[in-house]
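Colleague: Sequence plus predicted model, see below.
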There are 2 protein chains.
Amino acid sequence: MTQPRRVVIALGGNAMTGPDGSATPGAQREAIAVAAGHVAEVVATGVEVVLTHGNGPQVGNLLVKNELAAHVVPPVPLDWNVAQTQATIGFTLADELDARLAARGLAQRTAALVTRTLVDAGDPGLAAPTKPVGRFLPREDAERLIALGQTWEDRGERGWRRLVASPEPLSVVDWPAIHALASAGFVVVCAGGGGIPVVDDAGGALRGVEAVVDKDLTAALLARDLDADTLVIATDVPNVMVDFGTPRQRPLRAVTAAELRGHAAAGQFARGSMAPKVAAALRFVDHGGARAVITCLEHISDAVTGDDVGTVLRKDPPAPRRATPTP
Amino acid sequence: MTQPRRVVIALGGNAMTGPDGSATPGAQREAIAVAAGHVAEVVATGVEVVLTHGNGPQVGNLLVKNELAAHVVPPVPLDWNVAQTQATIGFTLADELDARLAARGLAQRTAALVTRTLVDAGDPGLAAPTKPVGRFLPREDAERLIALGQTWEDRGERGWRRLVASPEPLSVVDWPAIHALASAGFVVVCAGGGGIPVVDDAGGALRGVEAVVDKDLTAALLARDLDADTLVIATDVPNVMVDFGTPRQRPLRAVTAAELRGHAAAGQFARGSMAPKVAAALRFVDHGGARAVITCLEHISDAVTGDDVGTVLRKDPPAPRRATPTP
């Protein structure tokens, strides 16, 4: 395999929160320290690294703060909450990663960029919230918030949970700045939480909208925009599984786009979990990306340098030319 | 005057909050839109622009949220709050400024960087909080928070107010990334709220500390680190005043460092208001900066291109060489 030039790594929630999903500052820092060790190993291979990350529990916490302090200080919209998590996770990743880069004698340092992702103002996902965020509440509390215009869904015995809009990402607005930083030798942390969703309003200015964008789909766009050759989606399992939980359960290793698409169409992957990761891998390769790998955090370095770990999706080889018929 | 090459502009609180100090998202956006118009005018002169900004009311709001939601979600430390305001103000500035740059047909776009500022772990300012932030509370509430380890001060009839640590900035950790972005043609928004204060801990990693850094002092360091030739400190008055509120009150126009230092030593400038701006201007010029201007937002473009507005501090000319004695 030829040495990749530039890789986009999407870090999953387990790289930013405690094993129990806890998002205290201490638990976040501890998880990020572990992730930083693995990322430094990737940087040491010589590839340019652009990092993006999830932010679900962090946004959930901010929504609660908004709500409980609303009688004293003005709540901020959801896009502002996404921005806030980019900064807290961004600088913590920078602190931890810079230390590990220095310890390895590497010259690179980390830069955390506040990043906007363009979405379509007419995206049906904006009108119909589907993505669950934040804490569970009893029905009476949920109804009070529904009366304020929010969408809440009955999730059974755990209670009600807020649903927010999750439109499709169209492009990463700030990709040129990310490209400039990566080209100048920085490890770039960007597009956290899928990026701050913005729409292009009539007045000509971009404007945040109350939504969250799927971070893996944004990572695929980012990898395309940055002309990365590899996209690594880090999660908590070493491989994508098919027939999960049945006697025929098996890990996917090298797969073609056609195979992976087939499994996805057959409903093999959990909505809101493995499905968007598979969709992101497919989109990247469909848009010309050479290689997408879905694996666990512990394997990201091996995933960048070889084909021995994870679920590896490669661009399909060009269809063989039909031999010119001999006259 | 020769055309300056690179300018650092420190935007004051009035560029991010409503006329009454209100920090609702709407009021912030409106104020930022106005500021963006003035900044675009500066970019149009052809100079590289690096922007920094205050965040007082925004951090105050976040502290209240932390406090009122602490029984449900974990509070985050003050350095995280500073980071959060960098992102919300950063992307809002980017949205508004990009629109104005595009409207003028300028190719530059805005990049907002999460920025850390190094402080000394032994800084006496860390041990003795002096900077008031957040809302006023009645004595009983303040006492409850004092029992939790916070510092609160009796501010008379408005009530008690929290004091936080404000150590001296030593350097802007992320200046190389800011330099890379500015050199690549971006207007860079960075070091908001004076930067996220970090110390170099024994383990080799930088680590945030519960403090806020004066944004004007950080702006002076930033201007030095970036080798900017001009520092503009934008506030709500066109000039620094001396003998303010007396019959002899007068605006300062061109001043020497010696003069300005004299006025500062005589206690002419209000602590926490004009004093740190004057100190920042002096530090920049003392460290080799060519020119620092303190003026109002409306005049920042004229302040960059000429000496006709604001209080203008220039590097003192070199002492004249003594003529070689004729033998």
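Modeller: Thanks, I have the structure now.
Colleague: Residue A:72: what's it in contact with?
Modeller: With contacts defined as Cβ atoms under 8 Å, 6 or more residues apart in numbering or on different chains, the neighbours of residue A:72 are B:64, B:68, B:135. From N, CA and C alone the C-beta is placed, and that goes for glycine too.
Colleague: Show me how far stretch A:237-248 is from its chain's centre.
Modeller: Put simply, stretch A:237-248 sits 22 Å off its chain's centre (Cα atoms, centre = their mean, to the nearest Å).
Colleague: what does stretch A:253-270 give?
Modeller: Chain-centre distance of stretch A:253-270: 19 Å, with Cα atoms, centre = their mean.
Colleague: Pull the residues that contact that stretch.
Modeller: Applying Cβ under 8 Å, 6+ apart, the set of residues contacting stretch A:253-270 is A:239-240, A:242-244, A:252, A:275, A:277-279, A:281-282, A:285-286, A:307, A:310-316.
Colleague: Filter those residues down to the ones in strands?
Modeller: Among the contacts of stretch A:253-270, the members found in strands (DSSP state E) are A:242, A:311-314.
Colleague: Reformat those as a markdown table; add neighbour count, pLDDT and distance to residue B:45.
Modeller: Putting the ones in strands among the contacts of stretch A:253-270 into a markdown table (neighbours: other Cβ atoms under 10 Å in any protein chain shown; pLDDT from 0 to 100; distance: Cβ to Cβ, whole Å) gives the following:
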| residue | neighbour count | pLDDT | distance to residue B:45 |
| --- | --- | --- | --- |
| A:242 | 20 | 96 | 60 |
| A:311 | 26 | 98 | 53 |
| A:312 | 21 | 98 | 52 |
| A:313 | 26 | 98 | 49 |
| A:314 | 16 | 95 | 50 |
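Colleague: and the nearest residue to residue A:249 once chain neighbours are set aside, how many neighbours?
Modeller: Spatially, and ignoring its direct neighbours in sequence, residue A:249 is nearest to residue A:243 (4.9 Å; Cβ to Cβ, 6 or more residues apart in numbering or on different chains). When counting by other Cβ atoms under 10 Å in any protein chain shown, one arrives at 12 neighbours for residue A:243.
Colleague: check contacts around residue A:243.
Modeller: Under the criterion of Cβ under 8 Å, 6+ apart, the contact partners of residue A:243 comprise A:249-250, A:268.
Colleague: Let's see the pLDDT reported for it.
Modeller: Reading off the per-residue confidence, residue A:243 sits at a pLDDT of 95.
Colleague: With residue A:323 instead?
Modeller: The predicted structure scores residue A:323 at 62 on the pLDDT scale.
Colleague: With residue A:203 instead?
Modeller: Per-residue confidence for residue A:203 comes out at a pLDDT of 70.
Colleague: For the residue nearest to it when sequence neighbours are not counted, which three-state class applies?
Modeller: For residue A:203, ignoring the flanking residues on the chain, the nearest one in space by Cβ to Cβ, 6+ apart is residue B:99 at 7.3 Å. Using DSSP: H, G, I helix; E, B strand; the rest coil, the three-state assignment for residue B:99 comes out as helix.
Colleague: got the contact list for residue B:99?
Modeller: A:203-206, B:36.
Colleague: Would you map the strands across the stretch 1-150 of chain A?
Modeller: Per DSSP state E, counting those that start in this stretch, the stretch 1-150 of chain A has strands spanning A:6-11, A:48-53, A:110-114, A:116-118, A:131-137. These are given in chain order.
Colleague: so which of those strands gets nearest residue B:154?
Modeller: With respect to residue B:154, and counting by Cβ to Cβ, the nearest of the strands of the stretch 1-150 of chain A is strand A:131-137 at 36.9 Å.
Colleague: Below-threshold pLDDT in the stretch 201-327 of chain A: ranges please.
Modeller: By pLDDT under 70, the weakly predicted segments of the stretch 201-327 of chain A are A:318-327.
Colleague: Might you name the residue of it sitting closest to chain B?
Modeller: Across the stretch 201-327 of chain A, no residue is closer to chain B than residue A:205, which sits at 3.5 Å (Cβ to the nearest Cβ).
Colleague: and that residue, how many neighbours?
Modeller: Other residues lying near residue A:205 total 20 when counted by other Cβ under 10 Å.
Colleague: tell me the phi and psi of it?
Modeller: Reported as degrees, to the nearest 10, the phi and psi values for residue A:205 are phi -100, psi 150.
Colleague: Show me the residue at the heart of chain A, geometrically.
Modeller: residue A:215 (2.8 Å; Cα atoms, centre = their mean).
Colleague: still on that earlier bit, please name the nearest non-neighbouring residue to the residue of the stretch 201-327 of chain A closest to chain B.
Modeller: residue B:99 (3.5 Å).
Colleague: And that neighbour, what's its pLDDT?
Modeller: Residue B:99 is assigned 96 on the pLDDT scale.
Colleague: what about the closest residue in space to residue A:145 that isn't next to it in sequence, which SS state?
Modeller: Closest residue in space to residue A:145, ignoring its immediate chain neighbours: residue A:152 at 6.1 Å, by Cβ to Cβ, 6+ apart. Here residue A:152 takes the strand state, with states given by three-state DSSP.
Colleague: For chain B, see how far away residue A:152 is.
Modeller: For residue A:152, the distance to chain B under the criterion Cβ to the nearest Cβ, to the nearest Å works out to 17 Å.
Colleague: how far away is that residue from residue B:174?
Modeller: With the distance defined as Cβ to Cβ, to the nearest Å, residue A:152 ends up 40 Å from residue B:174.
Colleague: Likewise for residue A:159?
Modeller: The spacing between residue A:159 and residue B:174, counted by Cβ to Cβ, is 42 Å.
Colleague: When the two are compared, which one has more neighbours?
Modeller: Neighbour count, other Cβ under 10 Å: between residue A:159 and residue B:174, residue B:174 has more, with 29 against 15.
Colleague: how close does that one get to residue A:184?
Modeller: Here residue B:174 is placed at a distance of 12 Å from residue A:184 (Cβ to Cβ).
Colleague: In contact with the residue nearest to residue A:132 when sequence neighbours are not counted, which residues are there?
Modeller: The shortest distance from residue A:132 to any non-neighbouring residue, by Cβ to Cβ, 6+ apart, is to residue A:161 (4.7 Å). Residues in contact with residue A:161 (Cβ under 8 Å, 6+ apart) are A:132-137, A:152-153, A:155.
Colleague: Can you point out the helix or strand that includes residue A:161?
Modeller: Remark: residue A:161 resides in strand A:160-164, with elements defined by DSSP states H and E.
Colleague: where exactly do the helices run in chain A?
Modeller: For chain A, applying DSSP state H gives helices covering A:25-44, A:56-68, A:78-103, A:124-127, A:139-147, A:175-183, A:215-225, A:257-265, A:274-286, A:300-305.
Colleague: Distance-wise, check residue A:163 relative to residue B:111.
Modeller: 33 Å.
Colleague: same deal with residue A:276?
Modeller: The spacing between residue A:276 and residue B:111, counted by Cβ to Cβ, is 27 Å.
Colleague: These two: which is more packed in?
Modeller: Here residue A:276 and residue B:111 are set side by side on neighbour count (other Cβ under 10 Å), and the busier one is residue B:111, at 30 against 21.
Colleague: got the contact list for that one?
Modeller: By Cβ under 8 Å, 6+ apart, the residues touching residue B:111 are A:113, A:174, A:177, A:180, B:94, B:181, B:186-189.
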